[in-house]
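Return a 3D structure for these sequence lines:
(2 chains)
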Amino acid sequence: MPRLWHFTAEYLLLLPAGAVIALIWANNSPASYFRTTLRIEFFVNDVAMVLFFALITKEVVEATVAGGVLHPWRRAVLPLVAAVGVTTVPLLVFAAVVPLFDEPRVIQGWPAVFAVDLAVGYLVVRIIFRRGPVVPFFLLVGICANALGVLALGATAAIPIHLTRFLFLMGTAIGAAVVLRAQHIRSFWPYLLIPGILSWSALYLGGFEPALALVPVLPFVPHGRRDPGFFVDASPEAHDPLSRFERWARHPAQVALFLFGLVNAGVPLSSLYWGMWSLPIALFVAKPVGLLAGVRAATLMGFHLPHGLGWRELVVVGFVSAIGFTVALFFAAAVLPAGPTLSAIRMGALLSIAGAALAIGAAASLRCGRFHE
Amino acid sequence: MELRTPRGRRTLLPVVLFLLTGAGVWALPASTPTSVLPNAAGSLKLAVIGDNGTGKGPQFELASQMAALRQQFPFDLVVMVGDNFYGSQSPADLENKFARPYKPLLDAGVVFQAALGNHDDVSTIHYPRINMGGQRYYTYTRGSVRFVVLDSNVLDATQLTWAENTLRAASEPWKIAYFHHPLYCNAGRHGSNVDLRVRLEPLLLKYGVQAVFSGHDHIYERLKPQNGIHYFVVGSSGQLRKGDLRPSPATAAGFDQDQAFMAVEIAADRLYFQAISRTGQTVDAGELARLTRSGT
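Numbering: from 1, shown residues only, chains lettered A, B, ... in the order given. Predicted structure coming up:
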C-alpha cells in the first residue's frame, strides 16, 4: 500500500516527532523549553497552523464533489446525527468524571472531548478495514464532530468576544471571496491575501481562533470536478486553484505540524495531577457508546447505515474517534490559557492516542475488518 | 538583600489529646509556639496557610496553633495560597472545612484572603468568609503592603494584563504576590512550575515584587532569593506529603515532617517570618530587608 505509506510519511511522522522532542525537552530542560516555546507559540498556533486546517478544509471541500464522501450531501446526515452522539455522550461522561479526581478546573477543557484526529484515525481505520464503507463513515463522523468542536470553541473563548468587529471583518472577507470567485480568478494567491487575511483578522480581533482563517475562504476557491480521494495528493496534472494551493501548502503544513507538536506537547510530567485522566476516560468509555447511541437515533429517524457497517464496526470506529491527539491539542490550546489546567488537558490529549490500540484490540476481539478473514 | 540566619527554638511540652465524640474537635496544641518575631506596635501582622482545606484532624490542630499564636502575636489577616477546600464543596462542606477549624480566628475578626488552588471550585470565589469578592484574581492593601492575588490555574492574557497594570500603578513600598502553583519549589511530587515562571517572573521582577507565597506541594520551603525575589512554599497547612522535600542549592530552609503555617510581620523596611509546625515547633525563622529595585 504505497499510497498509505506516503500518506503516513506526509501526515503522521512530523507531528509525533515534534511531540516526542517536546516531551523530552520539557522534562529535561524546562526553562529553555518554555522560554523558547513562549516566543514562538503565537506564530505556530495562530499563524502556521492556518495551513494545516486549510488542507483539512480542502479535503472536505473536495469531498463534496462527485466521488467524494460528502457527495451527495445527504450522505452526511446520518454521520452528523451520529456525531452528535459521539460528542455529547463523552461530554456528559467527562463532566461526571472530573469531580471524581477533585480537579474541578479541568472541566474548562471540555471542547477537547469533541476532537477527532482525522489523520491518525484515517490511518487506523485503513489498517483495520482497508477499504469499504467504514472508512468514509469514520471520516464523515470525524468531520462533523470536529465541526461541532469548532462551534464549542466559540462558546468558550478565553478572551472576550468582540462580535461586531468579527461580523464586519468576516463579512468583508466572505464578500471578497465571492467577488474573486465571480471573477473566475484562477490563482489561489488572491484568495489567501485578501479574504484570507481579512478572515484571520476577523477571528483574531473578534476573540476566536485565528488558525481557522482559511476554513470559510477555501470553499470559494475553484476546485476540480472529482474528488481524487480523502488525503490523496492532487495529481500534478490538476490545475485548479485548490489543487495548486495544496501542492504549495503541503510541505509548509508539515513543518507547521512539527512545530505544533513541539510547542503544545511539552508537558512536564511532574506537574501533572490525576485530573489529566478525566479526558481519556471519557473518550475511551463514552465514544463507542455515544456513536452507537447516535447511530441508533439516526436509524430511528429513518436513515440507514451503509451496507457492511454493523454494531461491531461502529464500536471500532468509536474507539478510533476517541483519538483526539492533534485536534484535541489544538482545541485545548484554543480554549485554555497557559497553566497547569492546560497541561492536564494536553496530557489527556496525548494519552488519547491509545485509542488506536483499543480500536485494533476491539477489531480483533469482535473479529471485524481484517480480523474477520 | 539582607537575610538573617534562623534562630529556631524548640519548646518541649507534654502532648494532651482530647477527642469529643461527634463534634470532631481535635487535639489541643502540643505546645504554645514562642514568637520570635519583633511583634512591634503598628506593624502588619499576618499568617500564611496553604493546602489546608481537608476538614480533618491535622487542619484543626494547626488551626489551634494559629489561635494560640495569636494570643501573643495578634495577626488580623490570614493569606490562603490555595486548595482552600478539598473534595465536595457544598455550603455545608465549606463550613466544615473552613468555618469550624478557624472559628476562633473568625470570631476574633481575623480576615482571610484566599487564592484559588487546583482543588478549589471556582464557585468558592463567592464564599464570603475567604473574601475573594467574586473574583479569581484581585488586589488589596494593608498599610504599606500591596497584595496581588493571582489565579495560577489559568494564566490568561487578561489576567496578566491586569496584573501588570496593578503592579505598575501600585505605590506601596511592599509588593507581595501570592498564588497556588510555585514558580520555585524543590518537592518531589510537583516542584517548580516553569511554564508559569517564564510568563510571570518577568512581571514580578519588572515591578519590584519582594516576596511570593505559594502552595501546591505539601511541604514548607523557603528558597534563597531568585533574582532578588523571596519565594515561600506553604503547602502543608492541612495536607502533608512527608519526606517529599528534595533540597537543592536553592533551598534556604524546609520542613516536610508535619503540617506548618507561617507567621509574617512587616514593619517599615523589614519582613520577619516564622514557620511553625502543628506541634508548635519553630521550623524556620528570619527576616529580610525590603529591596529597592526599579518599579518600587
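
The residue nearest in space to the middle of chain B bridge partners, please.
Residue closest to the average C-alpha location in chain B (CA atoms, centre = their mean): residue B:48, at 2.8 Å. The residues paired with residue B:48 through beta bridges, assigned by DSSP bridges, are residue B:79, residue B:262.

For it, which residues are in contact?
With CB atoms under 8 Å, 6 or more residues apart in numbering or on different chains as the criterion, the residues that contact residue B:48 are B:78-79, B:81, B:178, B:213, B:232, B:234, B:261-262, B:264. The way it works is simple: take the backbone N, C-alpha and C, and place the C-beta from them, glycine included.

so how far is residue B:176 from it?
Look at residue B:48 and residue B:176: by CB to CB, to the nearest Å, they are 10 Å apart.

Mind listing the shared neighbours of the two?
The contact sets of residue B:48 and residue B:176 overlap at residue B:213 (CB under 8 Å, 6+ apart).

Contact residues of chain B facing chain A?
Within chain B, the residues that sit near chain A (CB under 8 Å from any CB of the partner chain) are B:86-87, B:118-122, B:152-159, B:181, B:188-199.

Assign residue B:181 to helix, strand or coil.
Classification of residue B:181 into helix, strand or coil gives coil, according to DSSP: H, G, I helix; E, B strand; the rest coil.

in terms of contact, does it touch residue B:213 like I think?
No: with contact defined as CB atoms under 8 Å, residue B:181 does not reach residue B:213; the gap is 11.7 Å.

Not counting sequence-adjacent ones, nearest residue to residue B:75?
By the measure of CB to CB, 6 or more residues apart in numbering or on different chains, the closest residue to residue B:75 outside its immediate chain neighbours is residue B:45, 4.0 Å from it.

what do you get for residue A:280?
Excluding its sequence neighbours, the residue lying closest to residue A:280 (CB to CB, 6+ apart) is residue A:351, at 4.4 Å.

what comes up buried for whichever strand or helix holds that neighbour?
Taking DSSP states H and E as the definition, one finds residue A:351 inside helix A:340-351. By neighbour count, with 16 or more other CB atoms under 10 Å in any protein chain shown as the criterion, the buried positions of helix A:340-351 are A:340-351.

Which of those sits closest to residue A:147?
residue A:349 (18.4 Å; CB to CB).

ranges for the helices of the stretch 251-373 of chain A?
Applying DSSP state H, counting those that start in this stretch to the stretch 251-373 of chain A gives helices spanning A:278-300, A:311-321, A:325-335, A:340-351, A:355-366.

Any chance of the ones you listed in a markdown table with mean pLDDT as columns?
Converted to a markdown table, these look like this (pLDDT from 0 to 100):
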| stretch | mean pLDDT |
| --- | --- |
| helix A:278-300 | 94 |
| helix A:311-321 | 95 |
| helix A:325-335 | 92 |
| helix A:340-351 | 94 |
| helix A:355-366 | 96 |
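
looking at the ones you listed, which is closest to residue A:57?
helix A:325-335 (13.2 Å).

okay, and the helix or strand of chain A with the least pLDDT?
Lowest mean confidence among the helices and strands of chain A (mean pLDDT, DSSP states H and E): helix A:2-12, at a mean of 64.

looking only at pLDDT, what's the mean for the next helix or strand after that helix?
The first helix or strand that comes after helix A:2-12 along the chain, using DSSP H and E, is helix A:14-28. On average, the pLDDT along helix A:14-28 is 92.

Report all helices and strands that helix A:14-28 contacts.
When contacts are defined as 3 or more CB pairs under 8 Å, 6 or more residues apart in numbering or on different chains; DSSP states H and E, helix A:14-28 sits against helix A:30-42, helix A:241-264.

Contacts for it next, please.
Outside helix A:14-28, the residues that touch it by CB under 8 Å, 6+ apart are A:32-34, A:37, A:254-255, A:257-270, A:325-326, A:350.

Could you count how many residues lie near residue B:126?
Around residue B:126 sit 11 other residues, with neighbours defined as other CB atoms under 10 Å in any protein chain shown.

so it sits right up against residue B:134, yeah?
Yes: here residue B:126 reaches residue B:134: they are 5.3 Å apart, a contact under CB under 8 Å.

just the strands in the stretch 1-150 of chain B please.
Under the criterion DSSP state E, counting those that start in this stretch, the stretch 1-150 of chain B contains strands at B:44-49, B:77-80, B:111-114, B:138-142, B:145-149.

Equivalent analysis for the stretch 151-296 of chain B, please.
Taking DSSP E, counting those that start in this stretch, the strands of the stretch 151-296 of chain B run over residues B:174-178, B:211-214, B:220-223, B:230-234, B:251-255, B:260-267, B:270-277, B:282-289.

Make TSV out of the ones you listed and add mean neighbour count and mean pLDDT.
Listed next are the strands of the stretch 151-296 of chain B as TSV, based on neighbours: other CB atoms under 10 Å in any protein chain shown; pLDDT from 0 to 100:
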stretch	mean neighbour count	mean pLDDT
strand B:174-178	24	98
strand B:211-214	27	98
strand B:220-223	27	98
strand B:230-234	27	98
strand B:251-255	20	97
strand B:260-267	24	98
strand B:270-277	24	97
strand B:282-289	20	95
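
Identify whichever of these lies nearest to residue B:97.
Judged by CB to CB, the one of those that comes nearest to residue B:97 is strand B:260-267, at 15.9 Å.

Would you mind listing what in chain A touches chain B?
For chain A, the contact set with chain B under CB under 8 Å from any CB comprises A:30-31, A:33-35, A:38, A:102-105, A:108, A:158-160, A:268, A:270-271, A:273, A:275, A:336-343.

Report the buried members of the residues you listed.
Judged by neighbour count, with buriedness set by 16+ other CB under 10 Å, the buried members of the residues of chain A next to chain B are A:30, A:33-34, A:102-105, A:108, A:158, A:268, A:271, A:273, A:275, A:336-343.

Give me the below-cutoff pLDDT ranges for chain B.
For chain B, applying pLDDT under 70 flags the ranges B:1-35, B:292-296.

And the helices in it?
B:57-72, B:91-94, B:103-107, B:157-169, B:194-206 (DSSP state H).

From chain B, how far off is residue A:352?
With the distance defined as CB to the nearest CB, to the nearest Å, residue A:352 ends up 21 Å from chain B.

My error: substitute residue A:110 in the last question.
Counting by CB to the nearest CB, the separation of residue A:110 from chain B is 14 Å.

is it true that that residue touches residue A:94?
Yes: in this structure, residue A:110 sits in contact with residue A:94. The criterion is CB under 8 Å, and the distance is 6.1 Å.

wait, residue B:200 sits on residue B:183?
Yes: under the contact definition of CB under 8 Å, residue B:200 touches residue B:183, with a separation of 6.4 Å.

Name the member of the contacts of residue B:48 with the shortest distance to chain A.
The closest of the contacts of residue B:48 to chain A turns out to be residue B:81 (CB to the nearest CB; 14.3 Å).

ok, residue A:89 - contacts?
For residue A:89, the contacting residues are A:286-287, A:289-290, A:293-294, by CB under 8 Å, 6+ apart.

ok, now with 6 Å
With contacts taken as CB atoms under 6 Å, 6 or more residues apart in numbering or on different chains, residue A:89 has the following neighbours: A:286, A:289-290, A:293.

so it is in which element?
Secondary-structure element containing residue A:89, defined by DSSP H and E: helix A:77-97.

Return the alpha-carbon coordinates of that helix using PDB.
Extracted in PDB, the C-alpha atoms of helix A:77-97 (Å, rounded to 0.1, in the frame of the first residue of the first chain):
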ATOM      1  CA  VAL A  77     -26.900  13.400   7.600                       C
ATOM      2  CA  LEU A  78     -26.600  10.000   9.400                       C
ATOM      3  CA  PRO A  79     -22.900  10.700  10.300                       C
ATOM      4  CA  LEU A  80     -23.900  14.200  11.600                       C
ATOM      5  CA  VAL A  81     -26.600  12.700  13.900                       C
ATOM      6  CA  ALA A  82     -24.000  10.000  14.900                       C
ATOM      7  CA  ALA A  83     -21.500  12.800  15.600                       C
ATOM      8  CA  VAL A  84     -23.900  14.400  18.000                       C
ATOM      9  CA  GLY A  85     -23.900  11.200  19.900                       C
ATOM     10  CA  VAL A  86     -20.100  10.800  19.700                       C
ATOM     11  CA  THR A  87     -19.600  14.200  21.200                       C
ATOM     12  CA  THR A  88     -22.400  14.700  23.700                       C
ATOM     13  CA  VAL A  89     -22.200  11.400  25.500                       C
ATOM     14  CA  PRO A  90     -18.500  11.700  26.100                       C
ATOM     15  CA  LEU A  91     -19.100  15.300  27.200                       C
ATOM     16  CA  LEU A  92     -21.600  14.100  29.800                       C
ATOM     17  CA  VAL A  93     -19.200  11.400  31.000                       C
ATOM     18  CA  PHE A  94     -16.300  13.900  31.200                       C
ATOM     19  CA  ALA A  95     -18.500  16.200  33.300                       C
ATOM     20  CA  ALA A  96     -19.200  13.300  35.600                       C
ATOM     21  CA  VAL A  97     -15.600  12.000  35.800                       C
END
